[in-house]
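okay, sequence plus prediction incoming.
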Amino acid sequence: MDLKQIFDNVIEGAAPAVEAGVKQALAEGIDAGVILKEALIAAMDEVGKQYEEGDIFVPEMLIAARAMQAGLSLLKPHLVGRGTESAGKVAIGTVKGDLHDIGKNLVAMMLEGAGFEIIDLGVDVPPQAFVDAVGKGATVIGMSALLTTTMSNMGVTIESLKAAGLRDKVKVMIGGAPVTQDFATQIGADGFAPDASSATRVARELLG
Ligand code: B1M
């Protein structure tokens, strides 16, 4: 299976062809992590570039995202391990105003694979919902943001945790394309991860 074909089909938004390609690649023994990185994630990067250059618009971007998700769901069983003992409970969501969820879902999937229990708060998550998750036993709050206009809501959530007297009861990890370690330090987050596999490492480190 040529991974370039899966890459092209994601960009075209051809979900059935992406599914068929991913199935074939897996059957041929190509590593799920390689398919994810070289075909699916690489294609979304290209989609982002084309959008930025005005070659495609939001509908095309959305159709490509759906095709990516179709491929991702086939990879999930291969990426997620079978940990039995919980490594901690992570409440994860995309911050208020932001609807991007592919990266957040990928991070949740990798954390689940590493033995963490996941409370998936979804997208467009208001600060109070993260605060409420601490009451439901979350030991880590994971926030994702893809827009420069929504990343400030991560800081707002941290302030809400402080106001609720819960800041020292939970670790806060953040990530997403515009997020940096400097930004994490600036808003007082405990950890930053640039990608899904380092998110697992960071979550483990945060819980000692
Ligand atoms: Co949007 N979008 N989008 N979009 N979109 C971006 C983010 C953009 C960079 C495109 C561009 O201009 N090049 C741009 C943002 C510019 C900016 O803020 N400076 C943009 C824009 C402008 C918009 C709209 C405003 C467009 C419009 O309506 N005019 C709009 C906003 C809607 C909203 O949220 N309110 C919008 C809408 C959409 C769609 C709905 C069409 C769709 C999302 C579908 C979905 O998610 N279900 C979409 C998409 C697909 C993208 C791009 C093309 C791809 C995002 C993606 O899924 N990447 C994106 C361009 C790009 O990023 N190249 C773009 C793949 C994913 C695996 O990577 O999410 O970065 P990522 O996650 C990584 C890491 O960041 C990290 O790990 C992940 C895996 O390695 N990570 C974490 C993420 N979260 C983490 C959390 C952690 C740790 C690590 O700890 C908790």
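All right, it came through fine. Numbering: from 1, shown residues only.

partner strands of the longest strand seen in the chain, with direction?
Ranked by residue count and defined by DSSP state E, the top strand of the chain is strand 117-125. Neighbouring strands of strand 117-125 in its sheet, by DSSP bridges, are strand 89-95 (parallel).

so residue 30 sits right up against residue 1, yeah?
Yes: the criterion here is Cβ atoms under 8 Å, and residue 30 meets it with residue 1 at 6.5 Å. Just so you know, the C-beta spots here come from the backbone N, C-alpha and C atoms, and that holds for glycine as well.

so the residue nearest the centre of the chain, which state does it fall into?
Nearest to the geometric centre of the chain sits residue 104, at 2.1 Å (Cα atoms, centre = their mean). Classification of residue 104 using DSSP: H, G, I helix; E, B strand; the rest coil returns helix.

for the nearest residue to it once chain neighbours are set aside, give me its contacts.
Computed as Cβ to Cβ, 6 or more residues apart in numbering, the closest residue to residue 104 that is not its neighbour in sequence is residue 144, at 4.0 Å. Counting by Cβ atoms under 8 Å, 6 or more residues apart in numbering, residue 144 makes contact with 92-95, 98, 100-101, 103-104, 107, 174-176.

count of residues packed around the nearest residue to residue 117 once chain neighbours are set aside?
Once flanking residues are discounted, residue 117 sits nearest to residue 89: 4.4 Å by Cβ to Cβ, 6+ apart. Look at residue 89: counted by other Cβ atoms under 10 Å, it has 18 neighbours.

okay, residue 89 and residue 118: tell me how far apart.
8 Å (Cβ to Cβ, to the nearest Å).

helices along this protein, start to end?
Along the chain, counting by DSSP state H, helices occupy 3-12, 15-27, 32-35, 42-52, 58-79, 102-113, 127-135, 152-163, 181-187, 196-206.

now the ones you listed as CSV including mean pLDDT and distance to residue 170?
Shown next, in CSV, are the helices of the chain (pLDDT from 0 to 100; distance: least, Cβ to Cβ, whole Å):
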stretch, mean pLDDT, distance to residue 170
helix 3-12, 96, 36
helix 15-27, 97, 36
helix 32-35, 93, 30
helix 42-52, 89, 30
helix 58-79, 90, 26
helix 102-113, 89, 15
helix 127-135, 98, 5
helix 152-163, 98, 7
helix 181-187, 98, 15
helix 196-206, 91, 10
